[in-house]
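Chemist: got a structure for you, letters missing:
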Ligand SMILES: CC(C)(COP(=O)(O)OP(=O)(O)OC[C@H]1O[C@@H](n2cnc3c(N)ncnc32)[C@H](O)[C@@H]1OP(=O)(O)O)[C@@H](O)C(=O)NCCC(=O)NCCS
């Protein structure tokens, strides 16, 4: 049996488990202001949640289709004690699988520059010049996905 359980949920079903993780990782952990953390894309997006087998949620991420086959990956967050155990990889694999299922072809994310090497492992490449979002340096990264 797997160590983790993955679920993909609409915001109304995901909110109760996703909010405390994002609050701890981004608002408390990285100083992201509340008004930037919670935005209109939560309601329209799909949310990945990873649960410890038999336990609570430990990680989340958001998939945000924006039309024309363009889809954003946002808000990847693994609770600190669970990092370095393949949970981030599980989030990315689930986001990629869901993108394929939804026939999304142009995948985009705003990577914190410190996390670029993580996203490169999943085929994303940086483009343009770095910019600041919530006081943190980011770079746009992109990859294409062939329709199934
Ligand atoms: C970035 C984050 C999601 C990675 O999650 P994780 O569970 O630690 O990642 P995994 O254990 O699945 O690692 C998968 C691979 O990526 C590598 N990796 C993980 N974090 C990395 C980083 N910051 N930079 C480079 N490589 C990284 C791992 O070494 C591993 O490599 P391997 O498969 O070759 O052994 C997690 O550190 C996190 O939540 N950070 C805080 C929030 C954040 O900054 N989110 C990103 C916003 S852009």
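Modeler: Okay, I see it. These figures come from a predicted structure and were not determined experimentally. Residues are numbered from 1 along each chain as shown.
Chemist: Could you find the closest non-adjacent residue to the residue of the chain at minimum distance from the ligand?
Modeler: Nearest residue of the chain to the ligand (CB to the nearest ligand atom) works out as residue 88 at 2.3 Å. Where C-beta positions appear, they are placed from N, C-alpha and C, glycine not excepted. Using CB to CB, 6 or more residues apart in numbering and skipping the chain neighbours, the partner closest in space to residue 88 is residue 78 (5.4 Å).
Chemist: What is the neighbour count of the one you found?
Modeler: By other CB atoms under 10 Å, the residues close to residue 78 number 22.
Chemist: State the phi and psi torsions of residue 108.
Modeler: Torsion angles at residue 108 (phi, psi; degrees, to the nearest 10) stand at phi -130, psi 150.
Chemist: and if you look at residue 107?
Modeler: phi -100, psi 130.
Chemist: surely it meets residue 145?
Modeler: Yes: counting by CB atoms under 8 Å, residue 145 is a contact partner of residue 107 at 5.8 Å.
Chemist: anything in contact with each of those two?
Modeler: 96, 99 (CB atoms under 8 Å, 6 or more residues apart in numbering).
Chemist: Looking at those two now, which is surrounded by more residues?
Modeler: Neighbours were counted for residue 107 and for residue 145 using other CB under 10 Å; residue 107 has more, 22 against 16.
Chemist: Not counting its neighbours along the chain, what's nearest the more buried one?
Modeler: residue 143 (5.1 Å).
Chemist: tell me the contacts of the one you found?
Modeler: 107, 122, 123, 124, 125.
Chemist: what's the neighbour count on the third one?
Modeler: The number of residues packed around residue 123, counting by other CB under 10 Å, is 14.
Chemist: residue contacts, it?
Modeler: residue 143.
Chemist: one more time with 10 Å, if that's ok
Modeler: 92, 96, 107, 141, 142, 143, 144, 145 (CB atoms under 10 Å, 6 or more residues apart in numbering).
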